[in-house]
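Chemist: sequence first, predicted model second:
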Amino acid sequence: MFTKKMYGSLLLAGVLSAGLLAGCGSSSSKTASTDNAKKDSTATQTIKVAADTTFPPFESEKDGKVQGFDIDMINAIAKKENLKVDLSTMQFTGLIPALQAKSVDVAVAGITIKKSRLAAVDFSNAYYKSGISVLTKKSTSAKSLDDLKTKLVATKKGTSSVDLLKSKGIPEQNIKQYDNINDAYSALASGGADAVVFDTPVNQDYANTHKDVHSIQSIPTGEYYGIAVVKSNPDLLKKINDGLKAIKDDGQYAKLFDKYFGGDKSGVVNEELAPEKAALDE
């Protein structure tokens, strides 16, 4: 006979079972959620990186392969921060617009940190201290930039070298601007230009393999290179800065100077120099 007491016992057992099952379901759900979160935090993030390959030894292209100081550096940073680099190439003048359009996430091309550029993109901490030099043929009588005010001077379009030439009184019609710095060197070699005014390490890289040219003047400009990053992505900017610090700490950064500059450490930036402090007033 089914009594009220028996009914109450069965009802209590059912409630307890339902509670246990509900508890198991909740635990399982939380575990799955936690696992997914862990997967998301460790998942490799792909970043689109743009480079201008006409800036040796920072970027160049040989046999279809992009190489150089900046390329090795961004790959080392990416490895430290669990990022995957999707590399594309474009002209220097297209880098900042590409970042503004958010068609790329990062750009490397020995980009000088300038206040005008900071208005358009974010920058990593500085990673290279540079200057500008005046390169001429050894047969030229010019001793400095002052001797070239009536001459044709070649440089790369859209760079700080253009700003320097104008500030030093070189008439704009005498400044020959090229998309590719190699074209500027070709103009110097052929007599189409009397000098090339450009970043010192790049001019020196050219002079190392062309014994008929030399630098007649070095101009300290307080230029610092930074890695350009799309604006409003603080997480990515932090990863780039964290990775840069990491490769400085473990010695990879210093080794790049041995590989690409023959051990010349004049461009080393040991401190964590924020872009706001490194930026040129341009």
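Modeler: Received, thanks.
Chemist: I'd like the next helix or strand past the helix-or-strand element of the chain with minimal mean pLDDT.
Modeler: Here the helix or strand of the chain ranked lowest by mean pLDDT, DSSP states H and E is helix 4-42, holding a mean of 45. The helix or strand immediately downstream of helix 4-42 is strand 45-51, counting by DSSP states H and E.
Chemist: pairing partners for whatever helix or strand comes next after that following strand, with directions?
Modeler: Later in the chain than strand 45-51, the nearest helix or strand by DSSP H and E is strand 60-62. Within its sheet, and counting by DSSP bridges, strand 60-62 is paired with strand 65-67 (antiparallel).
Chemist: residue 52 against residue 92, yeah?
Modeler: Yes: using CB atoms under 8 Å, residue 52 is in contact with residue 92, at 4.2 Å. For the C-beta atoms, the positions are set from N, CA and C on the backbone; glycine is no exception.
Chemist: show me where the stretch 101-250 of the chain has strands.
Modeler: Counting by DSSP state E, counting those that start in this stretch, the stretch 101-250 of the chain has strands at residues 106-108, 122-123, 128-137, 153-156, 175-178, 195-199, 213-225, 228-229.
Chemist: nearest to residue 270, of the ones you listed?
Modeler: strand 128-137 (10.2 Å; CB to CB).
Chemist: can you report how many residues lie near residue 278?
Modeler: Neighbour count of residue 278, defined by other CB atoms under 10 Å: 22.
Chemist: tell me which residues touch it, please.
Modeler: Residue 278 makes contact with 113, 125-126, 224, 226, according to CB atoms under 8 Å, 6 or more residues apart in numbering.
Chemist: would you list those residues in JSON lines and tack on neighbour count?
Modeler: What follows is these, written out as JSON lines (neighbours: other CB atoms under 10 Å):
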{"residue": "113", "neighbour count": "26"}
{"residue": "125", "neighbour count": "22"}
{"residue": "126", "neighbour count": "24"}
{"residue": "224", "neighbour count": "24"}
{"residue": "226", "neighbour count": "30"}
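Chemist: on that earlier part again, dump the strands of the stretch 101-250 of the chain to JSON lines, plus distance to residue 76 and mean pLDDT.
Modeler: Listed next are the strands of the stretch 101-250 of the chain as JSON lines, based on distance: least, CB to CB, whole Å; pLDDT from 0 to 100:
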{"stretch": "strand 106-108", "distance to residue 76": "12", "mean pLDDT": "98"}
{"stretch": "strand 122-123", "distance to residue 76": "18", "mean pLDDT": "98"}
{"stretch": "strand 128-137", "distance to residue 76": "14", "mean pLDDT": "96"}
{"stretch": "strand 153-156", "distance to residue 76": "26", "mean pLDDT": "98"}
{"stretch": "strand 175-178", "distance to residue 76": "31", "mean pLDDT": "97"}
{"stretch": "strand 195-199", "distance to residue 76": "22", "mean pLDDT": "97"}
{"stretch": "strand 213-225", "distance to residue 76": "16", "mean pLDDT": "94"}
{"stretch": "strand 228-229", "distance to residue 76": "16", "mean pLDDT": "98"}
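Chemist: any chance of the ones you listed in JSON lines, plus distance to residue 252?
Modeler: Formatted as JSON lines, the strands of the stretch 101-250 of the chain follow (distance: least, CB to CB, whole Å):
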{"stretch": "strand 106-108", "distance to residue 252": "16"}
{"stretch": "strand 122-123", "distance to residue 252": "21"}
{"stretch": "strand 128-137", "distance to residue 252": "15"}
{"stretch": "strand 153-156", "distance to residue 252": "28"}
{"stretch": "strand 175-178", "distance to residue 252": "33"}
{"stretch": "strand 195-199", "distance to residue 252": "23"}
{"stretch": "strand 213-225", "distance to residue 252": "17"}
{"stretch": "strand 228-229", "distance to residue 252": "20"}
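Chemist: what residues are up against residue 51?
Modeler: Applying CB under 8 Å, 6+ apart, the residues contacting residue 51 are 59, 66, 70-71, 87-90, 107-109.
Chemist: any common contacting residues for residue 52 and residue 92?
Modeler: residue 109.
Chemist: kindly export stretch 184-203 (C-alpha atoms) in PDB.
Modeler: Provided in PDB are the C-alpha atoms of stretch 184-203 (Å, rounded to 0.1, in the frame of the first residue of the first chain):
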ATOM      1  CA  ALA A 184      68.600  57.900 -55.300                       C
ATOM      2  CA  TYR A 185      71.800  55.900 -55.200                       C
ATOM      3  CA  SER A 186      71.500  55.200 -58.900                       C
ATOM      4  CA  ALA A 187      71.100  58.900 -59.600                       C
ATOM      5  CA  LEU A 188      74.300  59.600 -57.600                       C
ATOM      6  CA  ALA A 189      76.200  56.900 -59.500                       C
ATOM      7  CA  SER A 190      75.000  58.100 -62.900                       C
ATOM      8  CA  GLY A 191      75.600  61.800 -62.200                       C
ATOM      9  CA  GLY A 192      71.800  62.600 -62.000                       C
ATOM     10  CA  ALA A 193      72.400  63.800 -58.400                       C
ATOM     11  CA  ASP A 194      75.400  65.300 -56.600                       C
ATOM     12  CA  ALA A 195      74.700  63.800 -53.200                       C
ATOM     13  CA  VAL A 196      72.300  61.500 -51.300                       C
ATOM     14  CA  VAL A 197      71.100  62.800 -47.900                       C
ATOM     15  CA  PHE A 198      69.600  60.000 -45.900                       C
ATOM     16  CA  ASP A 199      69.700  57.900 -42.700                       C
ATOM     17  CA  THR A 200      73.300  57.200 -41.700                       C
ATOM     18  CA  PRO A 201      73.100  53.400 -41.300                       C
ATOM     19  CA  VAL A 202      71.500  53.100 -44.800                       C
ATOM     20  CA  ASN A 203      74.100  55.400 -46.400                       C
END
